[in-house]
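# using only what follows, build the 3D model:
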Amino acid sequence: MTNSGFTFTISSVPFDEEYRPADGTRVTTNFANLARGERRRENLRNTLVMIDRRFNALMHWDNPTGDRYTLALQIVSAALTLGEGARDEAFPLIEILHTTVTDRVSGTVSDGMVGNNFSSYVRDYDFSVVLPGHVNAGGDGAPAGFGDLHGNLFKHFLGSSAYRDNFRKPPVICLSVSSRAAYRRTANVHPILGVEYRNDDVSPTDRYFAKMGLKVRYFMPPHGVAPLAFYHIGDLVGDYTNLELASSVATMETFQKIYRPEIYNANSVAAEQYRPSLTYQDYSLTRIVYDREERSRLAVEQGRFVEEHLIKPYGAALRRWCATCGL
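Predicted structure coming up:
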């Protein structure tokens with residue numbers, strides 16, 4: 001298999017009050033979890049209001065009433081076809097979010113950040129099938145080559161015409177900090193990203209995302225209570241505008257308040273030496289329903305889906321291609 005045997009296609013759907021996950025959507029995707037059940041419309045409406053309010057709080061200058069801007073979110077799905085004669089249809093590979101910002105005063109519409117949330121079928125396979133299987137077999141740490149295929153596919157996607165034709169800049173992925181690590185506050189402060197934290201330990205997530213070509217910095221935004229992890233290519237501060245960075249913070253801090261309230265909706269601010277914990281009890285809940293247990297269960301199911309529909313039929317060819325990538 002050569003690079004020319006890969007074809008990426010991109011589709012998108014608005015994440016708004018009418019959003020319903022499509023049949024091909026990775027159902028462990030956090031925003032898909034919010035869009036199911038009796039309170040789906042209320043969940044979505046409240047989430048979008050939280051995002052807008054947080055963005056306006058960050059972009060506060062010339063914004064006396066705190067409602068100058070509104071954000072629109074598109075769920076971007078990337079699918080992969082493995083050359084001519086593939087036995088299956090395009091395989092759902094990645095889902096990310098793209099934000100756009102409307103200035104109600106000037107009427108201008110601007111690109112926000114692309115990336116933000118990151119969902120991946122192959123990552124489900126790696127962490128829900130490959131890694132547990134390695135550990136259960138008595139293996140220590142991660143198996144050899146863990147994450148190589150995922151990393152090469154991601155980098156190939158970013159280099160594809162499908163990505164370059166739709167987006168001007170590389171993505172920034174914003175995740176929760178790890179509850180297994182300790183972070184220390186620095187003197188560096190950014191007007192949008194906030195106070196920078198450092199962590200000298202390299203986590204499994206850091207190593208996995210490094211194979212995707214991404215490095216990480218940690219910032220606690222103004223009026224936030226815990227740092228966020230920003231995985232990026234190039235210069236996080238220099239390559240992106242305040243508007244782009246604010247759109248990422250507003251979107252992903254909102255989601256983290258819903259998904260990780262123990263950390264991001266805590267009732268106290270992260271200390272100078274900070275170790276996040278999901279067992280912390282002094283936090284507030286949003287009015288948005290989110291099923292964390294369902295998400296964990298579905299990750300295993302979707303990892304098995306990858307095993308059946310991608311790894312078994314194409315695994316040998318993918319491994320040969322991966323060996324030529326020099327990761």
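
# for the stretch 151-300 of the chain, just list every one of the strands.
In the stretch 151-300 of the chain, the segments counted as strands under DSSP state E, counting those that start in this stretch are 172-176, 183-190, 194-198, 215-220, 228-232, 273-274.

# would TSV of those with mean pLDDT be doable?
Shown next, in TSV, are these (pLDDT from 0 to 100):
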stretch	mean pLDDT
strand 172-176	97
strand 183-190	98
strand 194-198	98
strand 215-220	98
strand 228-232	98
strand 273-274	97
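
# quick one: closest of the ones you listed to residue 209.
Counting by CB to CB, residue 209 lies closest to strand 228-232 out of those; the figure is 4.9 Å. All C-beta spots, glycine's among them, are computed from the backbone N, C-alpha and C.

# returning to what we had before: hey, which of the strands of the stretch 151-300 of the chain is tucked in deepest?
Ranked by mean neighbour count, those are led by strand 228-232 with a mean of 24 (mean count of other CB atoms under 10 Å).

# mind giving me the packing neighbours of it?
Packing partners of strand 228-232 (3 or more CB pairs under 8 Å, 6 or more residues apart in numbering; DSSP states H and E): strand 172-176, strand 215-220, helix 242-259.

# report the separation between residue 161 and residue 325.
18 Å (CB to CB, to the nearest Å).

# equivalent analysis for residue 213, please.
Distance from residue 213 to residue 325, by CB to CB: 11 Å.

# looking at these two, which is more packed in?
More neighbours surround residue 213 than the other of residue 213 and residue 325, with 17 against 14 (other CB atoms under 10 Å).

# tell me the contacts of the more buried one?
Residues near residue 213 by CB atoms under 8 Å, 6 or more residues apart in numbering: 151, 154, 155, 158, 233.

# most neighbours among those residues, which one is it?
residue 154 leads the contacts of residue 213 on contacts (other CB under 10 Å) with 24 neighbours.

# still on that earlier bit, can I get the strands of the stretch 151-300 of the chain in JSON lines including distance to residue 68?
Compiled in JSON lines, these are given as follows (distance: least, CB to CB, whole Å):
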{"stretch": "strand 172-176", "distance to residue 68": "23"}
{"stretch": "strand 183-190", "distance to residue 68": "21"}
{"stretch": "strand 194-198", "distance to residue 68": "21"}
{"stretch": "strand 215-220", "distance to residue 68": "23"}
{"stretch": "strand 228-232", "distance to residue 68": "24"}
{"stretch": "strand 273-274", "distance to residue 68": "33"}
